[in-house]
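Student: Pasting the sequence and the predicted coordinates here, then a few questions.
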Amino acid sequence: MRHLLKTVSAAAAVAAGVLTVSAVSTGAAGAATPAPTGLYAPSDLVLTVGQGDDAATATVQRAVTLSCAPKAVGTHPAPRAACGELFAVEAQFEKLVDQAPKVACTKEWNPVVVSAAGVWQGKHVSWTTTFGNPCSMKAALTDGALLNF
């Protein structure tokens, strides 16, 4: 009998806990409301390099993730440096591409697409640029860590 009372008490506690969680996780209309996960606006990006004319049809060769809030993490090889660059240019990716590289490349057409998609400080971002070939990509992205992965 004693064992039965403990089981009933545990079941009642679980039921009360479920009711408490349900009350917290549903709004006035009964719809689920997301709970805030932190004090920082999300800054999560996926950066890709692909072979092709545009991001929609390119074959992805490399891809990394980057999250900058509350701290720099992800599969990017240098997340702290990459986040620092993003903050410095206020996530204006085109500022990270040298429009007049000082390296000479062949004129072969072997397009490479670099793209960034995700959320930066709570706002959706989507950026892509196409280079004529891998040499021109490396020449335009010589400085910085963000797009060199």
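Tutor: Yep, it's here.

Student: use CA for all of it now, contacts and neighbours both
Tutor: Will do.

Student: Could you look up the SS state of Glu90?
Tutor: Secondary structure for Glu90, judged by DSSP: H, G, I helix; E, B strand; the rest coil, is coil.

Student: With Cys135 instead?
Tutor: helix.

Student: ok, then the element right after the lowest-mean-pLDDT helix or strand in the chain?
Tutor: Least confident helix or strand, the chain: helix 2-25 with a mean of 38, by mean pLDDT, DSSP states H and E. Following helix 2-25 in sequence order, the next helix or strand is strand 44-51 (DSSP states H and E).

Student: Can you list the strands that that next one pairs with?
Tutor: strand 59-67 (antiparallel), strand 112-120 (antiparallel) (DSSP bridges).

Student: Now the first one: buried residues?
Tutor: Residues of strand 59-67 classed as buried: Thr59, Val60, Ala63, Val64, Thr65, Leu66, Ser67 (neighbour count, 16 or more other Cα atoms under 10 Å).

Student: Please enumerate residues in contact with that strand?
Tutor: Applying Cα atoms under 8 Å, 6 or more residues apart in numbering, the contact partners of strand 59-67 are 42-52, 72-76, 79, 83, 149.

Student: Quick one, which of these are buried?
Tutor: So, by 16+ other Cα under 10 Å, the buried ones in the contacts of strand 59-67 are 42-52, 72-74, 76, 79, 83.

Student: which residues sit in contact with the most centrally placed residue in the chain?
Tutor: Nearest residue to the geometric centre of the chain (Cα atoms, centre = their mean): Leu45, 1.9 Å. When contacts are counted by Cα under 8 Å, 6+ apart, Leu45 touches Thr65, Leu66, Ser67, Ala116, Ala117, Gly118, Val119, Trp120.

Student: The residue lying closest to the last one once chain neighbours are set aside: what's it in contact with?
Tutor: Read that as Trp120. Nearest residue to Trp120, sequence neighbours excluded (Cα to Cα, 6 or more residues apart in numbering): Ser43, at 4.2 Å. Residues in contact with Ser43 (Cα under 8 Å, 6+ apart) are Ser67, Cys68, Ala69, Gly118, Val119, Trp120, Gln121, Gly122.
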